[in-house]
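Student: Sharing a sequence plus its predicted fold:
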Amino acid sequence: MYLAVKDVKPLNDYFLLLKFENEEEKLFDVKPYLDIGKFKELKDETLFKSVKICFDSIEWDNQLDLDPELLYQKSHNKT
């Protein structure tokens, strides 16, 4: 079972602030992915900031999305 993403906010330096269905807020660093395939398009800050909730996860305007389980596992507690 995974936790659905309920809110997402793009932050500076290619971080995302994610809120999961358990009310936990975590930070996800997108930088490690920016040289991989379609993720390269997210170097365009306007596109990066287009992130929104789509079903239980997130999606950008270029239809790129990420698995909510990966987002939860690879994100860090907000400090």
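Tutor: Perfect, thanks for sending it.
Student: contacts and neighbour counts: CA atoms only from here.
Tutor: Noted.
Student: Would you mind pulling the contact partners of the lowest-mean-pLDDT helix or strand in the chain?
Tutor: Lowest on mean pLDDT, DSSP states H and E among the helices and strands of the chain sits strand 76-77, with a mean of 93. By CA atoms under 8 Å, 6 or more residues apart in numbering, the surrounding residues in contact with strand 76-77 are 25-28.
Student: Now, those residues that are in strands?
Tutor: Of the contacts of strand 76-77, the ones assigned to strands by DSSP state E are 25-28.
Student: mind putting these in JSON lines, distance to Asp67, neighbour count and pLDDT included?
Tutor: JSON lines is the format used below for the ones in strands among the contacts of strand 76-77 (distance: CA to CA, whole Å; neighbours: other CA atoms under 10 Å; pLDDT from 0 to 100):
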{"residue": "Glu25", "distance to Asp67": "17", "neighbour count": "20", "pLDDT": "97"}
{"residue": "Lys26", "distance to Asp67": "15", "neighbour count": "20", "pLDDT": "97"}
{"residue": "Leu27", "distance to Asp67": "15", "neighbour count": "22", "pLDDT": "98"}
{"residue": "Phe28", "distance to Asp67": "12", "neighbour count": "21", "pLDDT": "98"}
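Student: Look up which residues are beta-bridged to the residue positioned nearest the centre of the chain.
Tutor: What sits nearest the mean C-alpha location of the chain, by CA atoms, centre = their mean, is Leu16, with 5.2 Å. When bridges are called by DSSP bridges, Leu16 pairs up with Pro10, Phe28.
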